[in-house]
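Visitor: How does the following fold in three dimensions:
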Amino acid sequence: MDYLEEQLVAAYLTDCKIRGMSPRSFPGYNAALRSFMKYLDENGVSLLNVAQENLIDFIRYLRLERKVAQRTIELTFSVISSLYEYLIFAGHLEINPVLPVRKRYLKRYKNNVDPHERQLIGIEDMARMITSTMNIRDRAILTMLAKTGMRRNELITLDVADVDLIENSIKLKPTAKRSNRTLFMDDECSFTLRRWLKIRDEENRKSSPALFLNQEGERLQRRGVSDVVYSAAARVGLHNPESERMEEHFSPHCMRHWFTTHLRRAGMRREFIQELRGDSRREAIDIYDHIDLKELKEAYLAAIPQLGI
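Guide: Okay, the predicted model is just below:
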């Protein structure tokens, strides 16, 4: 690794710290970067001139020669892709060479997948989608959708007064679809929202009570939320607006799907997930009546994925 490459990698890691990445993530990031840079050195390839065939060969090297586990390879390429996103942001490159390789070789598409099945992404992809979003308002929107599981309409009807940053909770407006009104935030979500609120007043030219504003200073609408999600997902190769397959699209509802799935994978009780989602209680109302909000919040904080944002 020459001096320029050392400086670029160091600048990237500094950028990760500035963006608030969890210190627990750094050992894994350093290991992935060392492995990748060592491979480039041994094969005489420059960091700024990596071609698709180099990346494919790196996968071959990890999988067939070093017998690295699939999960580790996926994490390694998540870090490498994040590095190249930074290099684009810093003006050193124009495209991320990792995205097409990662999609073809590291995403497990099945030939018999229902074309109407919604896309589910991993924790690393969600983190990549959010951290690659530089607009503070948009990052707050993405984080809230992912971390609370709220519906798009519920997000756009939120007012600043509905958010309690001391208790890290949100009071939703009553709707026919939602049975509960209280949602919770973890520290990552709260931190991102605080950053938006610091600059929101400057953009609130019409004294709107709305939590999220559009460029005219008015309440953000459904289309605006969709545009935020589509743009963020497309930027990291998770949304293809030209495709007819739903699994290649990433919509606001996919954020809710992500929230639900990863809470289930973390072992959260089904009735807790249904309560957080605000599903209709119907005949099961007796089950939910005795759910304690303190217990629900503790279960949420224990299960919600940490994104290192």
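Visitor: Going by C-alpha atoms from here, please, whenever you check contacts or count neighbours.
Guide: Noted.
Visitor: can you give me the strands in the stretch 51-200 of the chain?
Guide: In the stretch 51-200 of the chain, the strands defined using DSSP state E, counting those that start in this stretch lie at 163-164, 169-171, 182-184.
Visitor: could you dump those to JSON lines with mean pLDDT and mean neighbour count?
Guide: Formatted as JSON lines, the strands of the stretch 51-200 of the chain follow (pLDDT from 0 to 100; neighbours: other CA atoms under 10 Å):
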{"stretch": "strand 163-164", "mean pLDDT": "96", "mean neighbour count": "17"}
{"stretch": "strand 169-171", "mean pLDDT": "95", "mean neighbour count": "18"}
{"stretch": "strand 182-184", "mean pLDDT": "93", "mean neighbour count": "21"}
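Visitor: export those to JSON lines and tack on distance to residue 1?
Guide: Output for the strands of the stretch 51-200 of the chain, formatted as JSON lines (distance: least, CA to CA, whole Å):
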{"stretch": "strand 163-164", "distance to residue 1": "48"}
{"stretch": "strand 169-171", "distance to residue 1": "47"}
{"stretch": "strand 182-184", "distance to residue 1": "45"}
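Visitor: need the helix or strand of this structure with the lowest average pLDDT.
Guide: The least trusted helix or strand in the chain, going by mean pLDDT, DSSP states H and E, turns out to be helix 285-288, with a mean of 43.
Visitor: In terms of pLDDT, where does residue 110 sit?
Guide: For residue 110, the pLDDT comes out at 32.
Visitor: show me the contacts for the nearest residue to residue 78 once chain neighbours are set aside.
Guide: Distance criterion CA to CA, 6 or more residues apart in numbering; nearest residue to residue 78, sequence neighbours excluded, is residue 124 at 6.6 Å. Listed by CA atoms under 8 Å, 6 or more residues apart in numbering, the contact set of residue 124 reads 75, 78, 307.
Visitor: Distance check, the second one against residue 236.
Guide: Just to be clear, that refers to residue 78. Noted for residue 78: a distance of 11 Å to residue 236, by CA to CA, to the nearest Å.
Visitor: For those two, list the residues in contact with both.
Guide: residue 128.
Visitor: For the residue positioned nearest the centre of the chain, give me its contacts.
Guide: Note on the chain: the residue nearest the mean C-alpha position is residue 126, at 2.5 Å, using CA atoms, centre = their mean. The contact partners of residue 126, by CA under 8 Å, 6+ apart, come to residue 307.
Visitor: For residue 145, see how far away it is.
Guide: Counting by CA to CA - residue 126 and residue 145 are separated by 11 Å.
Visitor: How is the protein divided into domains?
Guide: Following automatic domain parsing, the chain resolves into domains at 3-106, 123-303.
Visitor: Comparing those domains, which comes out most buried?
Guide: Greatest average neighbour count among those goes to domain 123-303 (a mean of 17), per mean count of other CA atoms under 10 Å.
Visitor: and that domain, how far apart are its ends?
Guide: Using CA to CA, one end of domain 123-303 lies 13 Å from the other.
Visitor: Tell me how far it lies from the chain's centre.
Guide: From the chain centre to the centre of domain 123-303 is a distance of 11 Å (CA atoms, centre = their mean, to the nearest Å).
Visitor: Just the mean pLDDT for the lengthiest helix in the chain, thanks.
Guide: In terms of residue count, the longest helix belonging to the chain (DSSP state H) is helix 70-89. Regarding helix 70-89, the rounded mean pLDDT is 88.
Visitor: Repeat that for stretch 298-309.
Guide: pLDDT averaged over stretch 298-309 gives 91.
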